[in-house]
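K.L.:
Take a look and give me a structure for this.
(2 chains)
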Number of protein chains: 2
Amino acid sequence: MTPLLLNQNSAHDFMSKSIASFARTPSPPYYAVIFTSQRTDSDEQGYGRMAERMVEMASSQPGFLGIETVRGANGFGITVSYWTSEEAIAAWKQHLDHKPAQEAGKRVWYADYEMRIAKVERAYGKRTAS
Amino acid sequence: MTPLLLNQNSAHDFMSKSIASFARTPSPPYYAVIFTSQRTDSDEQGYGRMAERMVEMASSQPGFLGIETVRGANGFGITVSYWTSEEAIAAWKQHLDHKPAQEAGKRVWYADYEMRIAKVERAYGKRTAS
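P.N.:
Below is the predicted model:
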């Protein structure tokens, strides 16, 4: 097997240090929230604290399956979180402790973003690739 | 409006320079292929050439809607491509010029990967967020 390079020195996104890995999801069907965003250059510390807290909080929500996230040096990022159902996604969106982060995201942290809710129908990996 | 930070100096993934931006997709439903991968430290040049060529080729396939891709400094990456239908995704997977890249991906470039095919049911952005 080819050795892994795990050179954990991204200065641009603390999340890539703490959770830069694969979500171990069950067999489909399940749901994915694909969140693509362009960071502003504003409030890096506040953003980092919020992002870490939101990942922790989401991880303890009913129906949460996992999360994968990467941000490039240019500030463009993709975060995919996985959930058992649309109801679980809606509950997390409406969670009171999640609202201030959503507001600050719109006002301060993200120049632009797009959120897509999708039903995962099929999945395969390196070990199961055809 | 908050100014964009476009500091295009990621040395780790040429793709983040050329196409690090939002896919302008139509109203749902449509399909997403969520490809998460961990790069090995092998063959950076060959990988870069292949990745650029595959994005160009995919973009000219019937049913292609757009692509978003980010790779972090630790080699973990997420690429999401968008398509009109499952048939369009299957045709691109079976495309003869795509097969050598799939094989080299398994053997050389990726320590691990996961591919998820999902139907996008809802989408909203910063300008349409509720």
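K.L.:
immediately after the helix or strand of chain A with the lowest mean pLDDT, which helix or strand?
P.N.:
Least confident helix or strand of chain A, by mean pLDDT, DSSP states H and E, is helix A:14-18 with a mean of 43. On the C-terminal side of helix A:14-18, the nearest following helix or strand under DSSP states H and E is strand A:30-39.
K.L.:
Run the chain-centre distance for that following strand.
P.N.:
Put simply, strand A:30-39 sits 6 Å off its chain's centre (CA atoms, centre = their mean, to the nearest Å).
K.L.:
And the next helix or strand past that strand?
P.N.:
helix A:44-59.
K.L.:
The helix or strand just after that next one vs strand B:64-71, what angle?
P.N.:
Where DSSP H and E defines the elements, the next helix or strand beyond helix A:44-59 is strand A:64-71. Here the directions of strand A:64-71 and strand B:64-71 differ by 80 degrees (axes from the mean of the first three to the mean of the last three CA atoms, to 10 degrees).
K.L.:
Adjacent strands (with direction) for strand A:64-71?
P.N.:
strand A:76-83 (antiparallel) (DSSP bridges).
K.L.:
Residue A:111 versus the residue most central in space within chain A, what's the distance?
P.N.:
In chain A, the C-alpha nearest the mean C-alpha coordinate belongs to residue A:79, at 3.2 Å (CA atoms, centre = their mean). Residue A:79 is 16 Å from residue A:111, where distance means CB to CB, to the nearest Å. To be clear about C-beta, it is placed using only N, CA and C from the backbone, and glycine gets the same treatment.
K.L.:
Buried by neighbour count: which residues of the longest strand anywhere in chain A qualify?
P.N.:
For chain A, the strand that runs over the most residues, judged by DSSP state E, is strand A:110-125. Residues of strand A:110-125 classed as buried: A:110-120, A:123 (neighbour count, 16 or more other CB atoms under 10 Å in any protein chain shown).
K.L.:
And stretch A:77-85, by the same measure?
P.N.:
By neighbour count with 16+ other CB under 10 Å, stretch A:77-85 contains the buried residues A:77-84.
K.L.:
can I get those residues in a markdown table with pLDDT?
P.N.:
Listed next are these as a markdown table, based on pLDDT from 0 to 100:
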| residue | pLDDT |
| --- | --- |
| A:77 | 96 |
| A:78 | 97 |
| A:79 | 97 |
| A:80 | 98 |
| A:81 | 97 |
| A:82 | 98 |
| A:83 | 98 |
| A:84 | 98 |
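K.L.:
Poorly predicted segments of chain A, please.
P.N.:
Along chain A, segments meeting pLDDT under 70 span A:1-20, A:128-130.
K.L.:
can you rerun that using 80?
P.N.:
Chain A contains residues with pLDDT under 80 at A:1-20, A:127-130.
K.L.:
ok, residue A:110 to residue A:49 distance?
P.N.:
Distance, residue A:110 to residue A:49, using CB to CB: 16 Å.
K.L.:
To clarify, my last question referred to residue A:28.
P.N.:
The value you get for residue A:28 to residue A:49, if CB to CB is used, is 34 Å.
K.L.:
Neighbour count for the two, which is higher?
P.N.:
residue A:28 (15 against 12; other CB atoms under 10 Å in any protein chain shown).
K.L.:
For that one, which non-adjacent residue is spatially closest?
P.N.:
Leaving aside its chain neighbours, residue A:28 sits nearest to residue A:120 (4.8 Å; criterion: CB to CB, 6 or more residues apart in numbering or on different chains).
K.L.:
Kindly report the same for residue A:31.
P.N.:
Residue A:31's closest residue in space is residue A:83 (CB to CB, 6+ apart), at 4.6 Å.
K.L.:
Which neighbouring residues are in contact with the one you found, exactly?
P.N.:
A:30-33, A:63-65, A:89, A:92 (CB atoms under 8 Å, 6 or more residues apart in numbering or on different chains).
K.L.:
out of these, which is most surrounded?
P.N.:
residue A:32 (29 neighbours).
K.L.:
Residue A:120 is in contact with that residue, correct?
P.N.:
Yes. Look at residue A:32 against residue A:120 with CB atoms under 8 Å: they come within range, at 5.3 Å.
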